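[1] Okay, predicted coordinates and the sequence, questions at the end:
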Amino acid sequence: MFFNILIIIIILLIGLSFDFFITIILTILAFDLFFLNSVGARYKKQIRIIQTTLNSIRQNKLKSPEDINLGRYLFEIESDMRSMFLRTQTDIFNMKKLEQSRTEFLGNVSHELRTPIFAIQGFLETLMDGAIDDPKVNKNFLAKAIQHTDNLNNLLHDLIDISMIESGQMRMSFRYFNIEEYLNEIVKEFIPQATAKNIELILHPIKHNLKLFGDKDRLMQVMVNLISNALKYTEQGKVEVSVSEEGKFGRIVVKDTGIGINNEDLNRIFERFYRVDKDRSKSVGGTGLGLAIVKHIVEAHNSKVDVKSQSGLGSEFSFLLKK
């Protein structure tokens, strides 16, 4: 437009005839209209391409980002739309995975709650039907009902813990503490259980005054779960607890000579309610949430649980804490 005005000014300055001046003006206007119509048509075409592509994305007709092709004039928008498509597909995948996990979790919780509740109900109904007066069974049934009540209580506590951990509501209190004194107290609590199974429970010597950084209360849950599992799934041999130094970190290890874990199960043992041996897990008890809680707490310490295991040859669980 500025160029057109400049031409008109030049024409006026050089003093061309009025008729010739009008001819020049009409020619310029005709050129402008042609140019604007041409550009407008191209813009309309590009807008239609964008609209069509957006509708295809909305209707899930596109399978990959490479299916988005807007042409050479819209390469920047094309790049943005491809990025948007990838983010959308990722969000959809995560939402479907989350929904599936939620459904499975609710199903597992219902099943785990139903078992002790039905057992307690059965024992109480039997007692009410007359067994309460039979000294041969009444105390036995009451003891079993109490045992299932304890299992139910443990399950509810674990459900609350894992819910708080995964929602980020569990508060952590980090500090340095003496790992030798800490583990010594925990291991002492398991000596009666190990002795009852004729299993040797060993706490290997730890460097004096070695201090590690973490939440003592939450790490207590980790150690109790790991040692408890080691004792449950070991019929003979020993369970060893040790701490080794690795640079700026200390590695806490719980090792057993138990039944071990198959390779196909190793990647799933930290899933909620996943049981390597379902029949055996029922006989030894547990909520099926212990290792899931262990995983979350260790990850909250910016670490991860390493597992080494072979079927029939025992297992070793370990994780690092900052010195």
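    In hand now; what should we look at? All values reported here derive from a predicted model rather than from experimental measurement.
[2] can you give me the helices in the stretch 101-250 of the chain?
    With DSSP state H, counting those that start in this stretch as the criterion, the stretch 101-250 of the chain has helices at 138-166, 179-196, 216-232.
[3] looking at the ones you listed, which has the lowest confidence?
    Of all the helices of the stretch 101-250 of the chain, the minimum mean pLDDT falls on helix 138-166 (a mean of 81).
[4] May I see the buried residues of that helix?
    For helix 138-166, a neighbour-count test (16 or more other C-beta atoms under 10 Å) marks 141, 145, 148, 151-152, 154-155, 158-159, 161-162, 165 as buried. In this view, the C-beta of every residue, glycine as well, is placed from N, C-alpha and C.
[5] which one of those residues is nearest K211?
    I165 (24.9 Å; C-beta to C-beta).
[6] how far away is the residue nearest to that closest one when sequence neighbours are not counted from S318?
    Setting aside the residues directly before and after it, I165 is nearest to H296 in space (C-beta to C-beta, 6 or more residues apart in numbering), at 4.3 Å. Applying C-beta to C-beta, to the nearest Å, the value for H296 to S318 is 17 Å.
[7] do M223 as well
    The value you get for M223 to S318, if C-beta to C-beta is used, is 12 Å.
[8] shared neighbours of these two, anything?
    Listed as contacting both M223 and S318 by C-beta atoms under 8 Å, 6 or more residues apart in numbering are 252, 254.
[9] ok so, going back, need the helices of the stretch 101-250 of the chain in JSON lines with distance to V243, can you?
    Shown next, in JSON lines, are the helices of the stretch 101-250 of the chain (distance: least, C-beta to C-beta, whole Å):
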{"stretch": "helix 138-166", "distance to V243": "24"}
{"stretch": "helix 179-196", "distance to V243": "6"}
{"stretch": "helix 216-232", "distance to V243": "11"}
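[10] Out of those helices, which is closest to R272?
    helix 138-166 (6.8 Å).
[11] Which elements pack onto that closest one?
    helix 75-128, helix 290-300 (3 or more C-beta pairs under 8 Å, 6 or more residues apart in numbering; DSSP states H and E).
[12] quick one, which of the ones you listed is packed in tightest?
    Each of the helices and strands packed on helix 138-166 was scored by mean neighbour count; the highest is helix 290-300, a mean of 21, by mean count of other C-beta atoms under 10 Å.
[13] If you average the pLDDT over that one, what comes out?
    The average pLDDT within helix 290-300 is 89.
[14] Could you tell me the end-to-end distance of stretch 123-133?
    By C-alpha to C-alpha, to the nearest Å, the extent of stretch 123-133 from end to end equals 14 Å.
[15] contacting residues around that stretch?
    Here stretch 123-133 makes contact (C-beta under 8 Å, 6+ apart) with 137-138, 141-142, 144-145, 148.
[16] which of these lies closest to L203?
    H148 (33.0 Å).
[17] distance of D80 from N55?
    D80 sits 17 Å away from N55, going by C-beta to C-beta.
[18] How about D133?
    76 Å.
[19] Likewise for T90?
    Distance from T90 to N55, counting by C-beta to C-beta: 21 Å.
[20] now swap in V243 and tell me
    V243 is 61 Å from N55, where distance means C-beta to C-beta.
[21] neighbour-wise, which of these two wins?
    V243 (21 against 10; other C-beta atoms under 10 Å).
[22] Need the nearest residue in space to that one, chain neighbours excluded.
    Once flanking residues are discounted, V243 sits nearest to I206: 4.8 Å by C-beta to C-beta, 6+ apart.
[23] burial of the one you found, as a residue count?
    By the criterion of other C-beta under 10 Å, I206 has 21 neighbours.
[24] Quick check: pLDDT value at it.
    94.
[25] how near is the residue nearest to I259 when sequence neighbours are not counted to L155?
    The shortest distance from I259 to any non-neighbouring residue, by C-beta to C-beta, 6+ apart, is to Y233 (5.1 Å). The gap separating Y233 from L155 is 19 Å, by C-beta to C-beta.
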